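J.: Here is a sequence with its predicted model. Questions after.
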Amino acid sequence: MPVVSCDGGGGALGHPLVYLNTGENGVVDCPYCGKRYVLLSDVERTEA
C-alpha cells in the first residue's frame, strides 16, 4: 500500500511529520492540515 508523508509545509509553522496510507482508492487527507494526496495511476513508482 503506497504511503505519503506530510509535515504541513512552512518549516517550524507546519505540524509533526505523519505518514499516511493512501488506502484502496489512492486518496488520503492529512488529519492535521487537511491537504489531500491523490495517487495517480500513470505515475511511475520508485522504491526507496
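T.: Yep, it's here. Numbering: from 1, shown residues only.

J.: Just list the residues touching Ser41, thanks.
T.: Going by CB atoms under 8 Å, 6 or more residues apart in numbering, Ser41 touches Gly26. Placement of C-beta: from N, CA and C, glycine included.

J.: what about it, distance to Asn25?
T.: Remark: distance between Ser41 and Asn25 (CB to CB, to the nearest Å) = 11 Å.

J.: And the strands in this structure, which stretches?
T.: For the chain, applying DSSP state E gives strands covering 3-6, 18-21, 27-29, 36-38.

J.: Including distance to Ala12, could those strands go into JSON lines?
T.: Formatted as JSON lines, the strands of the chain follow (distance: least, CB to CB, whole Å):
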{"stretch": "strand 3-6", "distance to Ala12": "16"}
{"stretch": "strand 18-21", "distance to Ala12": "16"}
{"stretch": "strand 27-29", "distance to Ala12": "23"}
{"stretch": "strand 36-38", "distance to Ala12": "22"}
